[in-house]
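[1] A structural model of the following input is requested.
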Amino acid sequence: MLNYITWDISPEIFSLGLLHIRWYGLLWACAILSAWTVVKKCFKHEDCPEEWGDKLFIYGTVGLIIGARLGHCLFYGADGDFWYYYKNPFEILKVWEGGLSSHGGAFGLLIAMYLYNKNVTQKGYIWILDRLVIGVAIGGALIRLGNLMNSEIYGGETTLPWGFIFVRNGEILPKHPTQIYEILYCLITFAVCMWLYWKKEAYRKRGLIFGIFLIGIFLSRFLLEFIKNDQEAFEANMLLNMGQLLSLPFIVWGFLLIFNALRKK
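    This is a model prediction of the structure:
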């Protein structure tokens, strides 16, 4: 039996002149389309206007990408230099060079859905989030697969047989493939939320599905950070790293939503 897995996958699918197609970008696109497809099925199930789905795609995509990029610039900076992007604002636009934050994407989606509810559905902020997060969970799994293809955001050393040696990064010892762990908790959260929606009609208890999503994703992320390598050098001396600090508000919000949904008849 292997004691480790050698991982040396190219992040680039193919190139054609100046055009470079990478796994990360493709999987981000698949994540957005998958999430949109799932939510559209929910809308159809509840006889919502068809145009709601089309407008959701626009609001959600713009909010997610802008939020993910700005989140990286604000929360992580350039090697811990939080003033770098203030001094070089055009660097923020260079999304193709990498640097997208999942927490930033979450904040961007929350703002976008506030505007979407106000301008389109007008059925309540939590109403749209109860449905949106089902798709977001499966989208999150695809984005983490993109991180794996990039050989980035992995954990510390491990002796477990599924440890990965990330050759492209010059690693010679097996590391925790935390990207795969994150894919798994995203898929589990997706399955639970789908079951609650389609089998238990939990969308009738406003906030329940959204709350369970927050716990499934952000509590898992909080715990997993203990075995992940720091993303930036400035996190080395922190009791809780940036990912954990940003997860805490979502965890608290999730418990409050679940408690509030269950206490109502």
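[2] what mean pLDDT does stretch 153-162 have?
    Averaged over stretch 153-162, pLDDT sits at 93.
[3] Give me the residues contacting that stretch.
    Residues outside stretch 153-162 that contact it (C-beta atoms under 8 Å, 6 or more residues apart in numbering) are 1-5, 147, 163-164, 166, 173-180, 227-229, 231. All C-beta atoms are positioned from the backbone trio N, CA, C, and that covers glycine.
[4] which stretches of the stretch 51-200 of the chain form helices?
    Remark: helices assigned in the stretch 51-200 of the chain by DSSP state H, counting those that start in this stretch are 84-87, 102-116, 125-149, 178-198.
[5] Tell me the buried residues in the second one?
    By neighbour count with 16 or more other C-beta atoms under 10 Å, helix 102-116 contains the buried residues Ser102, His103, Gly104, Gly105, Ala106, Phe107, Gly108, Leu109, Ala112, Met113, Tyr116.
[6] what about stretch 190-206, average pLDDT?
    The model assigns stretch 190-206 a mean pLDDT of 97.
[7] Please disregard the earlier target; I meant stretch 101-114.
    On average, stretch 101-114 scores 93.
[8] about what we covered before: among the buried residues of helix 102-116, which one sits closest to Lys264?
    Met113 (22.0 Å; C-beta to C-beta).
[9] Spit out the contact partners of that closest one.
    Tyr59, Gly60, Gly63, Tyr125, Ile128, Leu129, Leu132.
[10] Repeat that for Leu110.
    Leu110 neighbours (C-beta under 8 Å, 6+ apart): Gly63, Leu129.
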